[in-house]
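**Student:** this one's structure only:
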């Protein structure tokens, strides 16, 4: 069974492959927004067979109905697109996280990485965390070997952390095990944000830009991030409980002190309880 179709671009030179999925580690739509920004309108290099990867009952196609006529269906999918930026070849793997065949999918991706002579794999993700919106977005890293992460990003968190895996992590692990340099950048998004968080997308694009020595950030994202910051500041100023909670998070960040897992969960539960569930609403 052919699970993908590949059309190698001409003159592809040591490309950097950036991967991000719409999944549970895409808090604030940060990684998927960054991937879409990176890919732009670049041509498709690899198209995966969606029927072998997705459960359409859990991730249903979107149906457009025009005046009672069933007009169009948009199916979930996964593609690898190509874009050349400042002399660097970028490949962007993005779309919906697969429901099925993760190990087969990872094997296919390793084959594609080898066929396209990928020089570096970069995973992108975003995770909810007990951090305030008033501070710079913190980015955690993962790496298959020392020296791959750039900027002030360090591998972390320290110690052993056991969490449910995402498909993107399965791919990064498989690519690294195949001998290809692989790293990941994961932005921390304030857990009280339920909508898009463009500041995290900006942080991820900045991280990728260091590898290709190019500014990849869309100015529109910076503007959106500033507008959201103003709305969040205004919302916090209106309620003592929210303002006090944000200040507590600021103190932990400023002291470079992270709570333990149990403390973090207790803090989130207390905050939501005090808010009467309002923290679930979109800001």
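**Tutor:** Yep, it's here. No experiment lies behind these values; they were computed from the predicted model shown.
**Student:** can you give me the helices for the stretch 101-250 of the chain?
**Tutor:** Here the stretch 101-250 of the chain has its helices, by DSSP state H, counting those that start in this stretch, at 102-115, 167-177, 198-212, 219-237, 240-254.
**Student:** For residue 249, give me its contacts.
**Tutor:** 130-132, 190 (Cβ atoms under 8 Å, 6 or more residues apart in numbering). Bear in mind the C-beta positions are built from the backbone N, C-alpha and C, glycine included.
**Student:** can the helices of the stretch 101-250 of the chain go into a markdown table with extra columns for distance to residue 73?
**Tutor:** Formatted as a markdown table, these follow (distance: least, Cβ to Cβ, whole Å):
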| stretch | distance to residue 73 |
| --- | --- |
| helix 102-115 | 23 |
| helix 167-177 | 24 |
| helix 198-212 | 28 |
| helix 219-237 | 29 |
| helix 240-254 | 42 |
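**Student:** How about residue 70: what's its closest non-neighbour residue?
**Tutor:** residue 63 (6.5 Å; Cβ to Cβ, 6 or more residues apart in numbering).
**Student:** Kindly report the same for residue 103.
**Tutor:** residue 170 (7.6 Å).
**Student:** Least confident secondary structure element in this protein?
**Tutor:** helix 261-274 (a mean of 52; mean pLDDT, DSSP states H and E).
**Student:** Identify each buried residue in whichever helix or strand residue 81 is part of, please.
**Tutor:** According to DSSP states H and E, residue 81 maps onto strand 78-85. Across strand 78-85, burial judged by 16 or more other Cβ atoms under 10 Å covers 78-83, 85.
**Student:** Next: stretch 239-256.
**Tutor:** Going by 16+ other Cβ under 10 Å, stretch 239-256 has these buried residues: 242, 245-246, 249, 252-253.
**Student:** now that stretch, how far from the chain's geometric center?
**Tutor:** Relative to its chain's centre, stretch 239-256 lies at 25 Å (Cα atoms, centre = their mean, to the nearest Å).
**Student:** Give the bridge partners for the closest residue to residue 9 other than its chain neighbours, please.
**Tutor:** The shortest distance from residue 9 to any non-neighbouring residue, by Cβ to Cβ, 6+ apart, is to residue 82 (5.0 Å). On the basis of DSSP bridges, residue 82 is bridged to residue 91.
**Student:** ok, residue 82 - contacts?
**Tutor:** Taking Cβ under 8 Å, 6+ apart as the definition, contacts of residue 82 comprise 9, 12, 15, 42-45, 89-92.
**Student:** ok, now residue 48?
**Tutor:** Contacts of residue 48 (Cβ under 8 Å, 6+ apart): 3-4, 77-79, 95, 105, 108.
**Student:** Over to residue 202?
**Tutor:** Counting by Cβ under 8 Å, 6+ apart, residue 202 touches 137, 217, 221-222, 225.
**Student:** same thing but at 10 Å, please
**Tutor:** 30, 33-34, 37, 137, 187, 216-219, 221-222, 224-225 (Cβ atoms under 10 Å, 6 or more residues apart in numbering).
**Student:** cool, and residue 73?
**Tutor:** Residues counted as contacts of residue 73 (Cβ under 10 Å, 6+ apart) are 60-64.
**Student:** Does the residue nearest to residue 70 lie in a helix or a strand, and which?
**Tutor:** Judged by DSSP H and E, residue 63 forms part of strand 62-66.
**Student:** That strand pairs with which strands, and in what direction?
**Tutor:** Neighbouring strands of strand 62-66 in its sheet, by DSSP bridges, are strand 69-74 (antiparallel).
**Student:** any idea how far the strand it pairs with is from the chain center?
**Tutor:** With Cα atoms, centre = their mean, you get 29 Å for strand 69-74.
**Student:** what mean pLDDT does that strand have?
**Tutor:** Taken as a whole, strand 69-74 has a mean pLDDT of 94.
**Student:** re the thing from before, report the angle between the axes of the strand holding residue 81 and helix 198-212?
**Tutor:** Strand 78-85 runs at 60 degrees relative to helix 198-212, counting by axes from the mean of the first three to the mean of the last three Cα atoms, to 10 degrees.
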